[in-house]
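J.: this one's sequence-less:
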Ligand SMILES: Nc1nc2c(ncn2[C@@H]2O[C@H](COP(=O)(O)OP(=O)(O)OP(=O)(O)O)[C@@H](O)[C@H]2O)c(=O)[nH]1
Ligand SMILES: [Zn+2]
């Protein structure tokens, strides 16, 4: 049936859709009926991101436009190429923080991710990829293992994977079957390799997205949402060396340290930042060895970066 070509967009019925790739002024969405559409983002609706639920309408001819972003459950931020914070994904159920024996895990970076995930109200999963390298004598596996053991002791879920050998990715594949998961972590830890293992049809999915825009989709520089065979969704995002906590206040940072929780509220001052204040219950727990000096030092570094002490 012919539609009037210059109909006002608001007169067209809206379809709900999921954003799979977002560029500046346009992106690729999948409607609830499973249709892929390249949509222009109406300037005044804000900036849609990967994982957004949006309303799309016909915009004359074959063109589509996003004219509403539905309320987000949560937002995951990252620095853009110029270091400015930007929302890269929304409506997440799970953050997969990938680490590997090589490149050597940066515990400060891992801590920062874990604090950020806690502030989203969802649980992180630490994925120790390249697990087969743990037997490699060229690598300081003691250091890598000690780092991971710290986090297991703190109660975090750790899943071991390998894209090259047993144990493979089966435990992770089971975990991501429901909801939307995002892969984050240092560059080179194997996020894209994991995405390839979890998504047997990744090239087909990427190809379909590129065909929709008529432009390439650069998997290493673009955040992309894929549909998993088991029903969940997986977002692969380019790696970072640094990760900031742009929107958190000091209390959010302390709350992101699970080992601090028994002592929060026990300090002499209600607004204690657990830095140089007297009567601090957290510092007392560090002195007693109940909180590790390493994690506490990382916490104070985060505070400093977050606005000084
Ligand atoms: N030995 C081993 N190497 C792996 C494994 N997984 C990935 N690699 C290798 O690690 C290197 C980096 O993998 P990528 O998947 O590109 O890493 P990435 O985290 O996506 O990196 P960015 O795109 O820079 O963020 C590649 O050479 C992979 O072949 C693994 O389980 N074991
Ligand atoms: Zn305190």
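T.: Looks like it arrived, so ask away. This structure is a prediction, so every number in the text was calculated from the model and none was measured. Ligands and ions are numbered 1, 2, ... in the order given.
J.: what about residue 104, neighbour count?
T.: With neighbours defined by other CB atoms under 10 Å, the count for residue 104 comes to 14. In this view, the C-beta of every residue, glycine as well, is placed from N, C-alpha and C.
J.: show me what contacts the nearest residue to residue 70 once chain neighbours are set aside?
T.: Ranked by CB to CB, 6 or more residues apart in numbering and with sequence neighbours excluded, the top spatial neighbour of residue 70 is residue 53, at 4.2 Å. Residue 53 sits next to 16-19, 69-70, 91 when contact means CB atoms under 8 Å, 6 or more residues apart in numbering.
J.: repeat the analysis, applying 10 Å as the threshold.
T.: Residues in contact with residue 53, defined by CB atoms under 10 Å, 6 or more residues apart in numbering, are 16-19, 29, 32, 68-73, 90-91.
J.: again with residue 173
T.: When contacts are counted by CB under 10 Å, 6+ apart, residue 173 is found next to 161, 194, 197-199, 228-230, 232.
J.: give me the distance between the two termini of stretch 42-55.
T.: Across stretch 42-55, the straight-line distance between its terminal residues is 11 Å, by CA to CA, to the nearest Å.
J.: that older thread, for residue 170, see how far away the residue nearest to residue 70 is.
T.: Here the distance between residue 53 and residue 170 works out to 30 Å (CB to CB, to the nearest Å).
J.: before we move on, what about residue 14?
T.: When residue 14 is compared with residue 170 (using CB to CB), they lie 40 Å apart.
J.: and stretch 189-199, what's buried?
T.: Neighbour-count burial for stretch 189-199, counted by 16 or more other CB atoms under 10 Å, picks out 189-199.
J.: for stretch 180-187, same thing?
T.: Along stretch 180-187, these residues count as buried under the neighbour rule (16+ other CB under 10 Å): 180-186.
J.: which parts of this protein are strands?
T.: Taking DSSP state E as the criterion, the chain carries its strands at 15-22, 26-31, 36-41, 53-58, 64-69, 75-79, 85-90, 94-99, 124-128, 157-160, 180-185, 224-227, 233-236.
J.: name the helices or strands packed onto the last one?
T.: In other words, strand 233-236. With contacts taken as 3 or more CB pairs under 10 Å, 6 or more residues apart in numbering; DSSP states H and E, strand 233-236 sits against strand 15-22, strand 85-90, strand 94-99, strand 180-185, helix 191-198, helix 202-213, strand 224-227.
J.: kindly report the same for the first one.
T.: Helices and strands touching strand 15-22, as assessed by 3+ CB pairs under 10 Å, 6+ apart, comprise strand 26-31, strand 36-41, strand 53-58, strand 64-69, strand 85-90, helix 202-213, strand 224-227, strand 233-236.
J.: quick one: strands adjacent to it?
T.: Listed by DSSP bridges, the sheet partners of strand 15-22 and their directions read strand 26-31 (antiparallel), strand 53-58 (antiparallel).
J.: could you chop the chain up by domain?
T.: With domains defined by automatic domain parsing, the chain comprises 9-69, 75-236, 250-305.
J.: of all the ones you listed, which one comes closest to ligand 1?
T.: domain 75-236 (3.1 Å; CB to the nearest ligand atom).
J.: could you work out the end-to-end span of the closest one for me?
T.: Terminal residues of domain 75-236 lie 15 Å apart, using CA to CA.
J.: quick one: that domain to chain centroid distance?
T.: 8 Å (CA atoms, centre = their mean, to the nearest Å).
J.: quick one: is that domain near ligand 1?
T.: Yes. Under the criterion of CB under 6 Å from any ligand atom, ligand 1 is reached by domain 75-236 at 129-130, 132-133, 162-164, 187-193, 220.
J.: out of the residues you listed, the closest to residue 101 would be?
T.: Taking CB to CB as the measure, residue 101 sits nearest to residue 133 out of the residues of domain 75-236 next to ligand 1, at 4.6 Å.
J.: one step back: what's the closest of the contacts of residue 53 to residue 207?
T.: Proximity to residue 207 was ranked across these by CB to CB; first place goes to residue 29, at 17.0 Å.
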